[in-house]
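Participant: what would the 3D arrangement of this be:
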Amino acid sequence: MHFGSLPYKTKQFFFVLIKLSIVVGAFYFIYQKLVKNEDLDFYQFLVFLRENDAFSPKNACFLLFLTFFNWFFEILKWKTLVTHIKKISFKNALEQSLGALTASLFTPNRIGEYGAKAIYYGASKRKQVMLLNLISNMMQMTVTVILGIIGLSLMHSKYNLDINYFKVSRFIVLIIIVGIFTALGLKQNRFKIKGFSIERLKSFLNKLPVKIHITAFGLSVLRYLIFSFQFYFLLQIFGINVSYFNGMIVITTMYLLASVIPSIFIFDVIIKGSVAVYLFAIVGVNEFTSLCIVTIMWLLNFVIPSVFGSYYVLNFNFPKTKSY
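Facilitator: Numbering: from 1, shown residues only. Alright, predicted model coming up:
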């Protein structure tokens with residue numbers, strides 16, 4: 001039976017069931033990552049937090065304050081980008097950003113975020129919304145790569161990283177090969193990113209006002225500075241005596257490596273944990289502390305916002321007009 005031929009009440013029942021499934025799936029995913037984590041014992045983690053005097057209410061409030069502004073700038077960035085096709089309020093941007101986070105939390109590479117945001121709009125605007133979301137993610141990745149390369153260069157010169165140059169050279173050759181095929185794809189307009197041709201993406205980017213480009217990129221930089229400082233602040237809370245400059249060298253390198261390692265989002269916490277353990281061991285941070293900090297960062301910047309986002313998922317209704 002076609003879904004469109006079902007009675008209204010039956011459609012509503014299935015719609016509610018889907019929303020409940022998304023929220024339950026998100027919470028189950030969070031539970032699995034915390035309680036069933038093989039790298040970090042959850043109960044040992046809780047005991048460590050309770051016994052750590054540095055983790056005071058004052059510090060906790062400051063960490064939440066940083067989380068608030070991290071997501072404030074992300075929501076503002078989304079509002080800025082969407083203005084190109086439809087003016088929305090900050091409240092609408094908040095609902096779409098947090099709702100999409102919850103809906104995409106357990107999807108590979110958070111791919112569900114594209115569809116989750118697009119569904120807030122009429123069919124005529126959904127492809128444009130998906131392109132805007134792609135641009136938003138590309139801007140954030142650009143900031144991560146630029147600052148990460150700087151951090152990696154400084155870390156290599158400062159700590160004399162043991163780098164296997166044979167493996168690095170193989171990686172560079174692979175990048176060159178991929179670059180050649182990409183260039184050929186660009187020339188023939190066959191290359192696609194997340195289902196969109198490069199030609200279409202370039203055309204859409206050119207139509208996007210310069211002011212929106214600059215504002216959105218600036219907000220991406222602000223977000224990066226906030227959550228990277230949040231990571232550094234956690235290092236200080238746990239008694240790691242490292243200067244801000246040296247700490248940021250490792251943090252920017254960590255985010256770069258964790259971003260470029262091929263993965264699906266389900267294993268994102270594990271990958272960031274593994275990279276953090278390796279890099280912070282160089283500056284004298286033990287494995288348990290590194291894993292604790294990565295877990296807290298995940299709780300602050302993904303779990304807590306997704307809990308609020310679950311409210312928007314449960315209260316979601318399809319747009320009444322085709323223009324929105």
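
Participant: against which helices or strands is the helix or strand hosting Thr10 packed?
Facilitator: Assigned by DSSP states H and E, Thr10 belongs to helix 8-35. Applying 3 or more CB pairs under 8 Å, 6 or more residues apart in numbering; DSSP states H and E, we find helix 8-35 packed against helix 90-104, helix 304-314. All C-beta atoms are positioned from the backbone trio N, CA, C, and that covers glycine.

Participant: could you check the angle it makes with helix 304-314?
Facilitator: Per axes from the mean of the first three to the mean of the last three CA atoms, to 10 degrees, the angle that helix 8-35 makes with helix 304-314 is 170 degrees.

Participant: what's the average pLDDT for stretch 200-212?
Facilitator: Across stretch 200-212, the average pLDDT comes to 82.

Participant: CA atoms only for it, dumped as PDB, please.
Facilitator: C-alpha atoms of stretch 200-212 as PDB (Å, rounded to 0.1, in the frame of the first residue of the first chain):
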ATOM      1  CA  ARG A 200      26.200  23.100  -9.400                       C
ATOM      2  CA  LEU A 201      28.000  23.700  -6.100                       C
ATOM      3  CA  LYS A 202      30.300  26.300  -7.700                       C
ATOM      4  CA  SER A 203      27.300  28.000  -9.300                       C
ATOM      5  CA  PHE A 204      25.400  28.100  -6.000                       C
ATOM      6  CA  LEU A 205      28.500  29.400  -4.200                       C
ATOM      7  CA  ASN A 206      28.900  32.200  -6.700                       C
ATOM      8  CA  LYS A 207      25.300  33.300  -6.200                       C
ATOM      9  CA  LEU A 208      25.800  33.400  -2.400                       C
ATOM     10  CA  PRO A 209      26.500  37.000  -1.400                       C
ATOM     11  CA  VAL A 210      30.000  37.800  -0.200                       C
ATOM     12  CA  LYS A 211      28.600  39.200   3.000                       C
ATOM     13  CA  ILE A 212      27.100  35.800   3.900                       C
END
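
Participant: how many neighbours does Leu147 have?
Facilitator: For Leu147, the count of nearby residues is 20 (other CB atoms under 10 Å).

Participant: what pLDDT is listed against Ile266?
Facilitator: Reported pLDDT for Ile266: 44.

Participant: how about Ser169?
Facilitator: Note on Ser169: pLDDT of 54.

Participant: Ile180 now?
Facilitator: pLDDT at Ile180 comes out at 60.

Participant: what do you get for Glu113?
Facilitator: 90.

Participant: next one: Ile163
Facilitator: At Ile163, pLDDT is 54.

Participant: rewinding a little: tell me the angle the helix holding Thr10 makes with helix 90-104.
Facilitator: Using the same axes, to 10 degrees: helix 8-35 against helix 90-104 is 70 degrees.

Participant: next one: helix 8-35 to chain centre, how far?
Facilitator: 21 Å (CA atoms, centre = their mean, to the nearest Å).

Participant: ranges for the helices of the stretch 51-200 of the chain?
Facilitator: Secondary structure of the stretch 51-200 of the chain by DSSP state H, counting those that start in this stretch: the helices cover 57-82, 90-104, 112-118, 126-159, 165-187, 198-207.

Participant: out of the helices and strands packed on helix 8-35, nearest to Gly122?
Facilitator: Gly122 lies closest to helix 90-104 among the helices and strands packed on helix 8-35, at 13.9 Å (CB to CB).

Participant: could you check the angle helix 57-82 makes with that closest one?
Facilitator: Helix 90-104 and helix 57-82 are oriented at 100 degrees to each other (the same axes, to 10 degrees).
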